[in-house]
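Peer 1: Model the following, please.
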Amino acid sequence: MLDGDQTELDVNLVRAHFPAFASHELKGQAFFENAGGSYACRFVTDRLARFYRVRKVQPYGPYPASVVAGAEMDEARRRISAMLGVAEDELSFGPSTSQNTYVLSQAFRRLLQPGDAIVVTDQDHEANSGVWRRLAEDGIEVREWRMDPETGHLDPAALAALLDERVRLVCFPHCSNIVGEINPVRQIADMAHDVGAHVCVDGVSYAPHGFPDVSELGADIYLFSAYKTYGPHQGIMVVRRALAEVLPAQCHWFNAADPVKRFTPAGPDHAQVAAAAGIAEYVDTVYAQHVETEAEPVDRARVVAGLMRRRETALLEPLLAWLRDRPGIRLLGPTEAAGRAPTVAVELDEPGEAAAARLAGHGIMCAGGDFYAVRTLKGLGVDPSKGVLRLSFVHYTHEREIERLVEALDREI
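Peer 2: I've put the predicted structure just below:
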């Protein structure tokens, strides 16, 4: 056990790293739309501004500004891959997670053969569902692993019934952006690997609450969005080397031998890639502010994830308690804080957007809608046109903001 495994996160220290909390324009507002995109930390915003001021040149050239620009991009790849416990050449950047999964699906389209099967869920955001379902157009059998329509739970026993030697890929979320339940990735990955299948894990709704050790998870593909993990608007994707080497390249033909370019059809956004190093700098800074023991990047990330998890669980329980006791509200997903992320969707008698608009009058920033999880809502018996009200927060949320949210809900819902 590392020092810090039982430490409590100092919210005032971490909030000081986010310029938004010092912004006059945001004063008096409580942010509960973090699942749509978190605030960016100062390490990211400072790097992005610096790149546009003095590094906005073509990187990897011979002149000083170009050399430094390339070095900053390389730093991002090096630090983020180390934090995730994977090799540098297993990490790819792209404009979004939706774009990254689309590119991957085109690679699998060429790899798979008619009669092969894949498994998708109805718990996923459309980014990790629709692109894979379209492979049916090429003769690939698509099998759906369905949630419990009442609870939203994905039962591994139900997956077992779908697995056989024809299954080549299993796609599922680490955590749903509607249900909020944290799925047992290692168990699912082991089940898929036992029949020779690969696994593609959508970590978009999980990573903001703590970066995982991807090697420990057993995922062949792990994806998340940097703009939801305190960074710039980029998608970050891990494809483990054994799989990357057999998937057809999706880049310019002359770049196919470069593992970091294989799944990048267009040139990267230099400034945003460079700024992404600030995400790792933030994690390392939070670690250093709470723990004195030296540790490897992946272990520092694990400790910080624990700090985040303990804080978020404590903040989540009073919100869930209020929602559980309120008549006329259907809380989607687990009703207890343990085992779920602080992304809370509720079905109301009215459209979610209408409720969010009223809460905005109390300084509560949240949203309503389908959140690109139309299949999930249908699977839970929710009319997607009505949608849900979603309340999402992260570790930098203050106790006073939770209290303010509950007071606003009590008046308006």
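
Peer 1: what's the strand ranked longest in the chain packed up against?
Peer 2: Of all segments of type strand in the chain, defined using DSSP state E, the longest is strand 167-173. On a contact count with 3 or more CB pairs under 8 Å, 6 or more residues apart in numbering; DSSP states H and E, strand 167-173 meets helix 97-111, strand 117-121, strand 141-145, helix 185-194, strand 198-202. To be clear about C-beta, it is placed using only N, CA and C from the backbone, and glycine gets the same treatment.

Peer 1: Now mean pLDDT, mean neighbour count and distance to Ala295 too, for those, in TSV please.
Peer 2: Below are these laid out as TSV (pLDDT from 0 to 100; neighbours: other CB atoms under 10 Å; distance: least, CB to CB, whole Å):
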stretch	mean pLDDT	mean neighbour count	distance to Ala295
helix 97-111	97	20	28
strand 117-121	98	23	35
strand 141-145	98	17	37
helix 185-194	98	17	22
strand 198-202	98	26	25
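
Peer 1: Format the ones you listed as JSON lines; extra columns: distance to Asp89.
Peer 2: Shown next, in JSON lines, are those (distance: least, CB to CB, whole Å):
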{"stretch": "helix 97-111", "distance to Asp89": "16"}
{"stretch": "strand 117-121", "distance to Asp89": "26"}
{"stretch": "strand 141-145", "distance to Asp89": "31"}
{"stretch": "helix 185-194", "distance to Asp89": "21"}
{"stretch": "strand 198-202", "distance to Asp89": "18"}
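
Peer 1: Is there a neighbour count for Pro327? I'd like the number.
Peer 2: Neighbourhood size, Pro327 [other CB atoms under 10 Å]: 4.

Peer 1: Pull up the gap between it and Ile413, please.
Peer 2: 10 Å (CB to CB, to the nearest Å).

Peer 1: ranges for the strands of the stretch 251-400 of the chain?
Peer 2: Using DSSP state E, counting those that start in this stretch, the strands of the stretch 251-400 of the chain run over residues 330-331, 343-347, 364-365, 367-369, 388-392.

Peer 1: nearest to Arg50, of those?
Peer 2: strand 364-365 (28.5 Å; CB to CB).

Peer 1: tell me the mean pLDDT for that closest one?
Peer 2: Averaged across strand 364-365, pLDDT comes to 98.

Peer 1: what comes into contact with that strand?
Peer 2: Contacts of strand 364-365 with the rest of the structure, by CB atoms under 8 Å, 6 or more residues apart in numbering, involve Gln29, Ala30, Phe31, Phe32, Glu33, Arg404, Leu405, Ala408.

Peer 1: Out of the helices and strands packed on strand 167-173, which gets nearest to Gly70?
Peer 2: Judging the helices and strands packed on strand 167-173 by CB to CB, what sits closest to Gly70 is helix 97-111, at 22.1 Å.

Peer 1: Measure how the closest one sits relative to strand 198-202, angle-wise.
Peer 2: 170 degrees (axes from the mean of the first three to the mean of the last three CA atoms, to 10 degrees).

Peer 1: where does helix 97-111 sit relative to the chain's centre, distance-wise?
Peer 2: The chain centroid and the centroid of helix 97-111 are separated by 18 Å under CA atoms, centre = their mean, to the nearest Å.

Peer 1: do stretch 299-315 as well
Peer 2: Remark: stretch 299-315 is offset 15 Å from the chain centroid, using CA atoms, centre = their mean.

Peer 1: Average pLDDT for that stretch, rounded please.
Peer 2: Stretch 299-315 shows a mean pLDDT of 98.

Peer 1: quick one: contacts of it?
Peer 2: 2, 4-5, 7-9, 11, 83-84, 209-213, 283-284, 286-287, 290-291, 295, 337-338, 341-342, 393-395, 397, 399, 402.
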